[in-house]
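A.B. asks: From the sequence below, what's the structure:
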Amino acid sequence: VRSLLDSLSGEPVERIDGAQISKLRDFAVAFVESCHRLIVTLGAQVHLHDPSIANTLDKAMQAFDATGRQGFLVIDNIDTVIELQRTIEIEGPLRSVMQLHNDIAVILCGSNEIINDMVGRYERPFYMSFRVFRL
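C.D. replies: Numbers count the residues shown, from 1 in each chain. Model prediction:
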């Protein structure tokens, strides 16, 4: 992940370390704060009436779309976060916005097992929806 972040230096990048997350609420807060910081890098104002994962990511995507810039949100050690969800509490909201916009590249870093399960199981929101790069 460090080399990925190094290659993106100079670009608007935020990183969330899933290894530091112990509750889904902690992830949601970290996610909203990261999207907020991405928007602020553009010099834009943030007005969130509903600071949910999907709404915040959507606002960030719209801000980047308006400027024609590309942002990056790296979620490292996503295994911890995915294992905390009871159903698809994290995957569903992310997918709902990611399928509509591409102004912020969301990079999910995790184990083969978790990533393969997310993209390989038909009942999961990310089924066959993104490219997997093995490191």
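
A.B. asks: Show residues contacting stretch 11-24.
C.D. replies: Stretch 11-24 is contacted from outside by 1, 5, 26-27, 30-31, 34-35, 37-38, 41-42, 64, 69-81, 84-85, 89-90, 110, using Cβ atoms under 8 Å, 6 or more residues apart in numbering. In short, each C-beta sits where N, CA and C put it, glycine included.

A.B. asks: Between the two ends of that stretch, what distance do you get?
C.D. replies: For stretch 11-24, the first-to-last residue distance is 28 Å (Cα to Cα, to the nearest Å).

A.B. asks: what separates that stretch from the chain centre, distance-wise?
C.D. replies: 9 Å (Cα atoms, centre = their mean, to the nearest Å).

A.B. asks: before we move on, back to that, could you tell me which of the contacts of stretch 11-24 count as buried?
C.D. replies: 27, 30-31, 34-35, 37-38, 64, 71-81, 84, 90, 110 (16 or more other Cβ atoms under 10 Å).

A.B. asks: Which ones among those lie within strands?
C.D. replies: Among the buried ones among the contacts of stretch 11-24, the ones falling in strands (DSSP state E) are Gly71, Phe72, Leu73, Val74, Ile75, Asp76.

A.B. asks: what sits against the third one?
C.D. replies: Remark: with contacts taken as Cβ under 8 Å, 6+ apart, Leu73 is in contact with 13-16, 34-35, 38, 57, 60, 104-107.

A.B. asks: Among those, which lie within strands?
C.D. replies: Among the contacts of Leu73, DSSP E puts Val13, Glu14, Arg15, Ile16, Ile104, Ala105, Val106, Ile107 in strands.

A.B. asks: Going by neighbour count, which of these comes out on top?
C.D. replies: Ile104 (27 neighbours; other Cβ atoms under 10 Å).

A.B. asks: Perfect, that will be all.
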